[in-house]
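Enquirer: I'll drop the sequence and a predicted model, then ask my questions.
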Amino acid sequence: MSIDSRAHVSSKWWLFRAGLLGLCLWLLVGTLRIHPSYLAYFNEFWGGPANGYKYLVDSNLDWGQDLKNLAAYMRRSGLEKIKLEYYGPSDPRIYGITYEPLRPGQPTAGTVAISVTFLQGLYQCRGATGCYSDPICLRAFNWLKQYEPIAKIGYSIFVYQIPGSQPLPPTMSLPPQCFVDIRSQSSRGGHGD
C-alpha cells in the first residue's frame, strides 16, 4: 500500500469518526433538551417532539403524563375550571384540576384542553366496553383543528381558548357509544384497553 493510499484511508477514517461523534453529540443534545419528557422524544428529522403527535399518539406519546403540568398551567393562568378530554388512567382531580368533560361532537366556547390522542382521532375511549374505533366517533373533536392552541402542555395536551363571540362549528350527530364515559364506570381510567 502506497503512502498516498494510506493517507486517503486515514482521512476517510477520520471523517467517519468525526461524523459518528457529531451524531452522538446530536443525540445527547436532543435527549437533554427533552428532559423530563422523554416519552415525547422524536428525532429532529421528523420535526422533533413538538411535531411528534402528527406521527404517533396513544402510548407512544400520551399516557396522561402532562396532567400535573396542566394543573400548574391552570394555576399560573388563573383558570379555575376547564373543559377537558384527556387520554390516561388518572383522575384529573388528583392534581387539583376542576373540569367539565368535553363532549364529543359538541363544539363549545371557553378554555378547552384535549390530549393529542383524541385530537388526532386515533380512537375514542368511551363506552362501557372500552375504546371505540368507530369512524364517526373518531371525528368527534376535529372541530378543534380549525383553532390554534394557546398553549401546549408538555407534548401531549393542547389548550384552546374558543371565543364565545363567534359562531361555533355545527354539532355532530353521533351514536350513543360516543357519549358514555368509562372513567365513571371503571377504575382503569381513559385507556379502556
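Expert: Yep, it's here. Numbers count the residues shown, from 1 in each chain.
Enquirer: where do the helices sit along the protein?
Expert: In the chain, the helices defined using DSSP state H lie at 3-34, 67-77, 116-119, 135-138.
Enquirer: quick one, which of these is nearest to S173?
Expert: For the helices of the chain, the distance to S173 is smallest for helix 135-138, at 8.5 Å, taking CB to CB. (Each C-beta comes from the backbone N, C-alpha and C, glycine too.)
Enquirer: My read is that C137 contacts P175, right?
Expert: Yes: between C137 and P175 there is a contact under CB atoms under 8 Å: 7.2 Å.
Enquirer: domain parsing for the chain?
Expert: 3-53, 58-184 (automatic domain parsing).
Enquirer: Can you tell me which of those has the worst average pLDDT?
Expert: Of all the domains of the chain, the minimum mean pLDDT falls on domain 3-53 (a mean of 70).
Enquirer: and the helices of the chain, which is most packed in?
Expert: Across those, averaging neighbours per residue (mean count of other CB atoms under 10 Å) puts helix 116-119 on top, at a mean of 26.
Enquirer: so what does that one touch, helix or strand wise?
Expert: Applying 3 or more CB pairs under 8 Å, 6 or more residues apart in numbering; DSSP states H and E, we find helix 116-119 packed against strand 157-162.
Enquirer: Just the CA trace of the strand it packs on, in PDB.
Expert: Extracted C-alpha coordinates of strand 157-162, given in PDB (Å, rounded to 0.1, in the frame of the first residue of the first chain):
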ATOM      1  CA  ILE A 157     -52.200  18.200  25.800                       C
ATOM      2  CA  PHE A 158     -53.200  21.200  23.800                       C
ATOM      3  CA  VAL A 159     -55.100  24.100  25.300                       C
ATOM      4  CA  TYR A 160     -57.500  26.200  23.200                       C
ATOM      5  CA  GLN A 161     -59.400  29.400  24.000                       C
ATOM      6  CA  ILE A 162     -62.600  29.200  22.000                       C
END
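Enquirer: Parallel or antiparallel, which strands does it pair with?
Expert: strand 110-115 (antiparallel), strand 151-153 (antiparallel) (DSSP bridges).
Enquirer: Make JSON lines from the ones you listed and add mean neighbour count and distance to G121 to it.
Expert: Compiled in JSON lines, those are given as follows (neighbours: other CB atoms under 10 Å; distance: least, CB to CB, whole Å):
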{"stretch": "strand 110-115", "mean neighbour count": "23", "distance to G121": "11"}
{"stretch": "strand 151-153", "mean neighbour count": "18", "distance to G121": "18"}
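Enquirer: what's the closest of the ones you listed to T171?
Expert: When the strands paired with strand 157-162 are compared by CB to CB, strand 110-115 sits nearest T171, at 15.0 Å.
Enquirer: tilt between that closest one and helix 67-77?
Expert: Counting by axes from the mean of the first three to the mean of the last three CA atoms, to 10 degrees, strand 110-115 points 160 degrees away from the direction of helix 67-77.
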